[in-house]
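Student: How does the following fold in three dimensions:
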Amino acid sequence: MSTPVLTAVAWPYANGPRHIGHVSGFGVPSDVFSRYQRMAGNRVLMVSGTDEHGTPITVQADKEGLTSQQTADKYTRQIGNDLQGLGLSYDLFTRTTTGNHADVTQQIFLALHRNGYVVPKTTRGAISPSTGRTLPDRYVEGTCPICGYDGARGDQCDNCGNQLDAAELINPKSRINGETPKFVETEHYFLDLPAFTKTLGDWLSTKTDWRPNVLNFTKNLIDDMRPRPITRDLDWGVKIPLDGWRDQPMKRFYVWFDAVIGYFSASVEWARRSGNPDAWQEWWNNADARSYYFMGKDNITFHAQIWPALLFGHNGEGDKGGEAGKYGKLHLPDEIVSSEFLTMSGSKFSTSRGRVIYVEDFLRDFGPDTLRYFISVAGPETQDTDFTWDEFVRRTNFELANEWGNLVNRSISMAHKNVGSIPRPEAPAPADEELKALSRKAFDTVGGHLARSRFKQAAGEAMRVVTAANKYLSDQEPWKLKDDPARRDSVLHTALQVVSDANTLLTPFLPHSAQKIHEALGGTGVWAAQPELKEVEDLDIAGRVNPILTGDYASEQAKWESKPIEVGVPLAKPSPLFTKLDPELGENGPEWAPITK
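Tutor: Okay, the predicted model is just below:
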């Protein structure tokens, strides 16, 4: 039975190009998952976009001498190119500066306001003495007053996990220019998180099957539920739709508030662009739908606590009750799929420190599937993982080129040379059926792991089939069966059938090479669809043109099943799938990359 599956992917800031640490957390895992779900017959809606409001954009704009909008326009297109190059199959990758997003954000806020879950409060806000601009809490750094960690942010201490207020930090400093901020009184709206203590606690207690890193983190969330500001003194963001607030030039929603709402607003925009404005309801008002949120571990709070609280508040289901807002009862997250960090030399990727490998550079030299495979089998799925060129070269050469690429090449080459087409299995043997049974069984095993976002285990099980097929060919030695063409053809037919099965099993990980293998086996048409980067008119702002990623994934042929190959289909001589890398690359990487040893 087909299930509506929402893949909600973290929104990258539009303040610079993406590096491979970014896409190892939110990008590749979400696409592997979505491609599998589509192949399994489920109705997938994969949405995200660039996060374009708040101080990160204004800071970058100042550095480049651009306006905030110009900065967002520049980097949202660059990020779109990066994600398209990786083959991330978004139904809609949009942006937070659309008219649609502003309207949906305001409607969610108004529902929270009517239900009493947002309250005005006078507080002390950090101001930059040199610019007069507000410093968001995350841009103030100091010593944690609870655990003494030197490097706590003004919104949270990453060492002890406690929520903080910037004014509480010891020796606070601006992360932008190092100056000591000035704290002044200002009025803002706060999300009344304590009003969700029981509701959130009961909900979180049911999530026993989440990843361990998420479960361990969420255990502490209910212990420190304090009101959290959702507006800021800033001129770049979504306006507050209340009398006395909407016309104030320096009052906007806090960037984290409108960004998490983006999952829903992007779904609404996708529906409007599809020709059926109510189509989003299948994923958001449907109790049978399933929703999965993909991100790095630094975003767990916003997805396991803040976003569920906003949804409960909109639905009128917090501790104080209320009535559902404009959009009815919205579906809450079913699973938070949070990855750890991909590091270099034991430290996080850092653009400012030159410790970074950009997606664009990587794709130019090595293509998308090698990176997708590395992230899937050696990425930070459940713990921080160091990227090294040694490991990348080893995985590419021995697993992709020697194991998988060699199996495909020699199986098709021998069939092409000896028969010219997919041969007929006229002399089957028990070894043939044993191998085919192994590959058929793998669909349940690999699919089960993919459904639970266990990508390393899924890829490992798929590669077990590849290893078994290589051993089968070595054992059967079809190149020595010139005097027994019936048996030779049976061996080659078996090898090609398992190549076809393994290609299906690896399609979520390697969609670009999977398309080539589909064609090498005589297939035509689209096997694994790719996203398109388009320029479209904003639905609500006249004259605004936005870049979006989207695609027609309903037309692809890949299905999660073993499909019998067709005897007699012509085969051409295949080309190598993966180019083996120079082992010396493992020492220092390419010239443009920092050393990662």
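Student: quick one: the helices in the stretch 451-597 of the chain?
Tutor: Taking DSSP state H, counting those that start in this stretch, the helices of the stretch 451-597 of the chain run over residues 455-476, 485-506, 511-520, 585-588.
Student: Reformat the ones you listed as TSV; add distance to residue 211.
Tutor: No exception for glycine: its C-beta is placed from N, CA and C like everyone else's. Shown next, in TSV, are the helices of the stretch 451-597 of the chain (distance: least, CB to CB, whole Å):
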stretch	distance to residue 211
helix 455-476	12
helix 485-506	23
helix 511-520	24
helix 585-588	31
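Student: just these: most buried one?
Tutor: helix 485-506 (a mean of 24; mean count of other CB atoms under 10 Å).
Student: for that helix, packing partners?
Tutor: helix 406-418, helix 430-451, helix 455-476, helix 511-520 (3 or more CB pairs under 8 Å, 6 or more residues apart in numbering; DSSP states H and E).
Student: hmm, 6 Å instead?
Tutor: helix 406-418, helix 430-451, helix 455-476 (3 or more CB pairs under 6 Å, 6 or more residues apart in numbering; DSSP states H and E).
Student: Include mean pLDDT and distance to residue 584 when you put those helices into CSV, please.
Tutor: Formatted as CSV, these follow (pLDDT from 0 to 100; distance: least, CB to CB, whole Å):
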stretch, mean pLDDT, distance to residue 584
helix 406-418, 98, 22
helix 430-451, 98, 34
helix 455-476, 98, 26
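Student: Would you reformat those helices as CSV and include distance to residue 168?
Tutor: Output for the helices and strands packed on helix 485-506, formatted as CSV (distance: least, CB to CB, whole Å):
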stretch, distance to residue 168
helix 406-418, 59
helix 430-451, 43
helix 455-476, 39
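Student: so where's the chain shaky on pLDDT?
Tutor: 596-597 (pLDDT under 70).
Student: OK, contacts around residue 531?
Tutor: 84, 89, 90, 549, 551 (CB atoms under 6 Å, 6 or more residues apart in numbering).
Student: try 8 Å this time
Tutor: Counting by CB atoms under 8 Å, 6 or more residues apart in numbering, residue 531 touches 83, 84, 87, 88, 89, 90, 93, 549, 550, 551.
Student: what's the answer for residue 514, then?
Tutor: 503, 504, 506, 507, 527, 528, 558.
Student: at 6 Å instead, please
Tutor: Going by CB under 6 Å, 6+ apart, the list of residues near residue 514 reads 503, 507, 527, 528.
Student: Count the neighbours of residue 542 for me.
Tutor: 7 (other CB atoms under 10 Å).
Student: let me redo that: residue 66
Tutor: For residue 66, using other CB under 10 Å, the count is 15.
Student: which SSE is residue 69 in?
Tutor: Residue 69 belongs to helix 68-86 when assigned by DSSP states H and E.
Student: What residue in this structure is the furthest from its centre?
Tutor: residue 483 (53.0 Å; CA atoms, centre = their mean).
Student: nearest to residue 289, of the helices of the stretch 451-597 of the chain?
Tutor: Counting by CB to CB, residue 289 lies closest to helix 455-476 out of these; the figure is 22.5 Å.
Student: Ok, which of the helices and strands packed on helix 485-506 comes nearest residue 563?
Tutor: Comparing the helices and strands packed on helix 485-506 by their distance to residue 563 (CB to CB), the top pick is helix 430-451, with 10.7 Å.
Student: Strands - which of the contacts of residue 531 land there?
Tutor: In strands, defined here by DSSP state E, the members of these are 93, 549, 550.
Student: between those residues, which has the most around it?
Tutor: residue 93 (29 neighbours).
Student: so what's that residue bridging to?
Tutor: residue 48, residue 549 (DSSP bridges).
Student: what's it in contact with, if anything?
Tutor: 48, 49, 549.
Student: Residue 426: how many residues sit nearby?
Tutor: 12.
Student: Also residue 395?
Tutor: 18.
Student: list the contacts for it?
Tutor: residue 374.
Student: how much space between residue 494 and residue 428?
Tutor: 8 Å (CB to CB, to the nearest Å).
Student: same deal with residue 581?
Tutor: Taking CB to CB, one finds residue 581 at 39 Å from residue 428.
Student: Same question for residue 378.
Tutor: 38 Å.
Student: Which one of residue 581 and residue 428 is surrounded by more residues?
Tutor: residue 581 (21 against 15).
Student: pretty sure the more buried one is touching residue 393, no?
Tutor: Yes - between residue 581 and residue 393 there is a contact under CB atoms under 6 Å: 4.8 Å.
Student: so who does residue 193 touch?
Tutor: 225, 228.
Student: again, 10 Å this time
Tutor: The contact partners of residue 193, taken as CB atoms under 10 Å, 6 or more residues apart in numbering, are 117, 163, 200, 221-222, 224-228, 305-306, 309, 313, 318.
Student: and what of residue 581?
Tutor: 365-366, 370, 389, 392-397, 400-401, 590.
Student: do that again at 6 Å, thanks
Tutor: 393, 396, 397.
Student: ditto for residue 503
Tutor: 514, 517.
Student: do that again at 10 Å, thanks
Tutor: 404, 408, 462, 466, 510, 513-518, 520-521, 523, 527-528, 558.
Student: before we move on, what about residue 80?
Tutor: Here residue 80 is in contact with 14, 49-50, 88, 90, 93-95, 531, 533-534, 546-549 (criterion: CB under 10 Å, 6+ apart).
Student: do that again at 8 Å, thanks
Tutor: 50, 93, 533, 547, 548, 549.
Student: Could you export the contacts of residue 93 as CSV, including distance to residue 246?
Tutor: Converted to CSV, the contacts of residue 93 look like this (distance: CB to CB, whole Å):
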residue, distance to residue 246
48, 28
49, 24
549, 32
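Student: Need the three-state assignment for residue 142.
Tutor: Here residue 142 takes the strand state, with states given by DSSP: H, G, I helix; E, B strand; the rest coil.
Student: now it: how far from residue 172?
Tutor: 4 Å.
Student: again with residue 445
Tutor: 52 Å.
Student: Likewise for residue 342?
Tutor: 30 Å.
Student: Which of those two has more residues huddled nearby?
Tutor: residue 342 (25 against 19).
Student: For the more buried one, give me its contacts.
Tutor: 20, 21, 24, 25, 349, 375, 379, 380, 384, 385, 386, 387.
Student: residues touching the fourth one, list them.
Tutor: Listed by CB under 8 Å, 6+ apart, the contact set of residue 25 reads 10, 294, 295, 296, 297, 338, 339, 341, 342, 380.
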